[in-house]
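>>> Have a look at this fold, sequence not included:
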């Protein structure tokens, strides 16, 4: 089995002009997902490479972020295996997720979460098979997504 990556999240203003619009950026092994995908797309000469930013929960009704990254409890049994296709991981630098999203499938099997099958819906001919997959230990992943969700949906 391949080594697991460590997931964390950075919450920061989308831009200096919009300090109240907080963006959630996945960090994989200490590197922003925005940098990882920008480097990947640039190295392949993709037109309009990069241009991604974190998800802005106030601009898109994700619901609690832990449900977004783990599936709805009434739909998915978190103790079993499941797959959620086409999950938004990043949005556009303008703050609108559907303007320029990066999506992936999120799959749980045994004690592992895998991000794979990445895509840019506005460029369906792009091939992302060499990007990822990223594997995370379920317990570490769940802790990270619950921690970022608490920042936005504290009870």
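Noted; the coordinates are in hand. It should be emphasised that the depicted structure is a prediction, and the values quoted were computed from it without experimental measurement.
>>> Which strands and helices lie in contact with the lowest-mean-pLDDT helix or strand in the chain?
For the chain, using mean pLDDT, DSSP states H and E, the weakest element among its helices and strands is helix 65-70, scoring a mean of 85. Other elements packing on helix 65-70 under the criterion 3 or more C-beta pairs under 8 Å, 6 or more residues apart in numbering; DSSP states H and E are strand 82-92, helix 138-152. For glycine as for every other residue, the C-beta is placed from the backbone atoms N, C-alpha and C.
>>> centroid residue for this protein?
residue 89 (2.5 Å; C-alpha atoms, centre = their mean).
>>> Which residue, neighbours along the chain excluded, lies closest to that one?
Spatial nearest neighbour of residue 89, excluding adjacent residues (C-beta to C-beta, 6 or more residues apart in numbering): residue 102 at 5.2 Å.
>>> got it, and residue 128?
Using C-beta to C-beta, 6+ apart, the nearest residue to residue 128 is residue 118, at 4.0 Å.
>>> burial count for that neighbour?
By the criterion of other C-beta atoms under 10 Å, residue 118 has 21 neighbours.
>>> Could I get the contacting residues of it?
37, 102-104, 128, 131-132 (C-beta atoms under 8 Å, 6 or more residues apart in numbering).
>>> Find the residue ranges of this structure scoring beneath the pLDDT cut-off.
Counting by pLDDT under 70, the ranges of the chain that qualify are 1-2, 62, 71-80, 154-155.
>>> Now do the strands in it.
7-15, 18-28, 31-32, 52-53, 82-92, 102-109, 112-119, 134-137 (DSSP state E).
>>> can you list the ones you listed in a markdown table and add distance to residue 144?
Converted to a markdown table, those look like this (distance: least, C-beta to C-beta, whole Å):
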| stretch | distance to residue 144 |
| --- | --- |
| strand 7-15 | 5 |
| strand 18-28 | 9 |
| strand 31-32 | 14 |
| strand 52-53 | 19 |
| strand 82-92 | 13 |
| strand 102-109 | 13 |
| strand 112-119 | 10 |
| strand 134-137 | 8 |
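>>> and among those, the most buried is which?
When the strands of the chain are scored by mean count of other C-beta atoms under 10 Å, the highest mean neighbour count falls to strand 52-53 (a mean of 24).
>>> packing partners for that strand?
So strand 52-53, by 3+ C-beta pairs under 8 Å, 6+ apart, packs with helix 33-43, strand 82-92.
>>> ok, and what's touching stretch 89-100?
Applying C-beta under 8 Å, 6+ apart, the contact partners of stretch 89-100 are 14-15, 18, 21, 23, 25-26, 33-34, 37, 51-56, 59-60, 88, 101-104, 115, 120, 122.
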